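# Show me the folded form of this:
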Amino acid sequence: LLNYGHTLGHAVEAAGGYGALLHGEAVAIGMDLAAQIAERMGMWSAGDVLRQRALLAAYGLPTALPPEMDPEDLLERTLRDKKVRAGRVRWILPTSIGHAVVRDDVSESLVHDVLLAQRI
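Numbers count the residues shown, from 1 in each chain. Okay, here's the model as predicted:
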């Protein structure tokens, strides 16, 4: 569960060339994206997504993708994450403040939609 935010965070970090963002900044973005995935799956409330976003912002951490990031590239990078098992990405998703679960049933289309929504 300590990997919360790391699946997309590592993708963001790698896409930025390991220098555009600090590791913690990339993970903060990954946390926001994972929260949005959990919300769309009905696991977490919109209010909790906003609460987490405000907390990250209070610490000066980014929660939005840099504009130059390509959602297609990020999605492809998640499929190469070290947590992939049998071709399925293992996501750490929040269920309530301080609690999360590991899920491998998150569709690529859902992740794609969340990444695209970040671009708007």
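
# Mind naming the longest helix for the protein?
Ranked by residue count and defined by DSSP state H, the top helix of the chain is helix 23-40.

# what's in contact with that one?
With Cβ atoms under 8 Å, 6 or more residues apart in numbering as the test, helix 23-40 has contacts from 4-13, 16, 21, 44-46, 48-49, 52-53, 56, 61-65, 91-95, 106, 110-111, 113-115, 117-118. (Each C-beta comes from the backbone N, C-alpha and C, glycine too.)

# Can you show me the helices along this protein?
With DSSP H as the criterion, the chain has helices spanning 6-15, 23-40, 46-58, 71-78, 108-119.

# helices or strands next to the third one in the packing?
Here helix 46-58 is seen to pack against helix 23-40, strand 91-96 when contacts are counted using 3 or more Cβ pairs under 8 Å, 6 or more residues apart in numbering; DSSP states H and E.

# could you check the angle helix 71-78 makes with the first one?
Same thing as helix 23-40. With axes from the mean of the first three to the mean of the last three Cα atoms, to 10 degrees applied, the angle from helix 23-40 to helix 71-78 works out at 100 degrees.

# quick one: average confidence on helix 23-40?
The average pLDDT for helix 23-40 rounds to 96.

# how about it: buried residues?
In terms of neighbour count (16 or more other Cβ atoms under 10 Å), helix 23-40 has its buried residues at 25-40.

# go on, stretch 99-118?
Buried positions in stretch 99-118, judged by neighbour count with 16+ other Cβ under 10 Å: 100, 103, 106, 111, 114-115, 118.

# same thing with stretch 78-87?
78, 81, 83.

# Generate TSV for those, with pLDDT and distance to P71 as supplementary columns.
Formatted as TSV, the buried residues of stretch 78-87 follow (pLDDT from 0 to 100; distance: Cβ to Cβ, whole Å):
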residue	pLDDT	distance to P71
T78	88	11
D81	71	16
K83	73	20
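
# quick check, nearest of these to M69?
T78 (12.7 Å; Cβ to Cβ).

# so how far is D70 from that closest one?
Relative to D70, T78 is positioned 13 Å away (Cβ to Cβ, to the nearest Å).

# what are the bridge partners for P94, then?
Taking DSSP bridges as the rule, P94 bridges to A100.
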